[in-house]
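A predicted structure for the sequence below; I have some questions about it.
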Amino acid sequence: MYCQSCGNSIGANFRFCPKCGGRSLGDSPPTAPTATIAIPGVPTNQASNSATNVQQTSSSAFAGFWIRTVAYLIDLVLITIATVIVVVPLSVSAGIRLGADGFDLAALEGIFAVVGAILGTMVGWIYSAASESSVWQATPGKRLLGLQVGDSNGHRIGFGRATLRYAMKVPSQLALSLPFLLVAFRPDKRGIHDLVAGTFVFKH
Ligand SMILES: [Zn+2]
C-alpha cells in the first residue's frame, strides 16, 4: 500500500501513513500532481496540499507513554499466567522425579529458582518477540489497544529485531525504568529499545 499524500510504502495492515499521518492510502503510488498554471495572487494547488500535510502530521501517529504502560500491564498479566502454566508442571514433574531418585529437594531449591527464572525470561521473550514480529505486529496487550510495532515505514519487523527490541528493555529496567520516560518526552515516542532496534510504536 502507498500513502497518497507522501508516496511512502506502507505495511499491509496499516490504516494510516506512519511517516506523514495521512489516511488516504492506495494500492499504487500516488500519481504526480498535474501541472498547474500559477496565477498571481491565487493560491496554487501545491500550497493547499502542504497545509493539509502539516495538519495531518500534527495528529500524532505514535503511541505515547500511558497507553503503552497500560498495554505493558495487560501483557505482564498474560506473561505471568503463561509462565505459571509452563513452569509449575515442569517443576512438579522434575521434583517428583528427583525425589524418587533420592535427591534432597531442599538442597536443590537454589537450582530450581535459577531454572525457573530462566524459563520465565524465555516465556516473556517468546511472547513478546513472536507476537511483535507476527502479522499482528503487536503483543496481545498492544493489539487490544490498537498499537502496532514497525520499522520507520510501519512495516513488520523480523523475529531477530523483535528479540533485540525485547533485550534492550533490560538496561532500562535495571535503571529503575527511568529511561522509559523518553517515550513521554520524545516527539517520536521512542524508548532506548526502539532507538537501538530501529522500531516505532504506532497508534491506530
Ligand atoms: Zn505519507
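Cool, got the structure.

just the strands in the protein please.
Along the chain, counting by DSSP state E, strands occupy 2-3, 25-26, 147-150, 200-203.

can you list the residues of the chain near the ion?
The chain comes close to the ion at residues 3, 5-6, 8, 17, 19-20, 22, as judged by Cβ under 5 Å from the ion. No exception for glycine: its C-beta is placed from N, CA and C like everyone else's.

switch the cut-off to 8 Å
For the chain, the contact set with the ion under Cβ under 8 Å from the ion comprises 3-8, 10, 17-22, 56.

count of residues packed around residue 115?
15 (other Cβ atoms under 10 Å).

oh, that last question was meant for residue 196, not what I typed.
16.

before we move on, what about residue 104?
9.

could you measure from it over to the ion?
Applying Cβ to the ion, to the nearest Å, the value for residue 104 to the ion is 65 Å.

state the pLDDT value of that residue.
For residue 104, the model assigns a pLDDT of 88.

same thing with the one 4 residues further on?
Predicted confidence (pLDDT) for residue 108: 86.

can you check residue 35 too?
Value for residue 35, per-residue pLDDT: 55.

with residue 57 instead?
40.

just residue 54 next, same as before
So, for residue 54, pLDDT stands at 37.

repeat that for residue 66.
Residue 66 is given a pLDDT of 96.

do the same with the one 5 residues further on
The pLDDT attached to residue 71 in the predicted structure is 98.

so it sits right up against residue 144, yeah?
Yes. The pair formed by residue 71 and residue 144 meets the contact definition of Cβ atoms under 8 Å, at 7.2 Å.

now the residues of the chain next to the ion in CSV, with distance to residue 123?
Below are the residues of the chain next to the ion laid out as CSV (distance: Cβ to Cβ, whole Å):
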residue, distance to residue 123
3, 38
4, 42
5, 42
6, 40
7, 41
8, 36
10, 32
17, 35
18, 30
19, 35
20, 38
21, 36
22, 39
56, 40
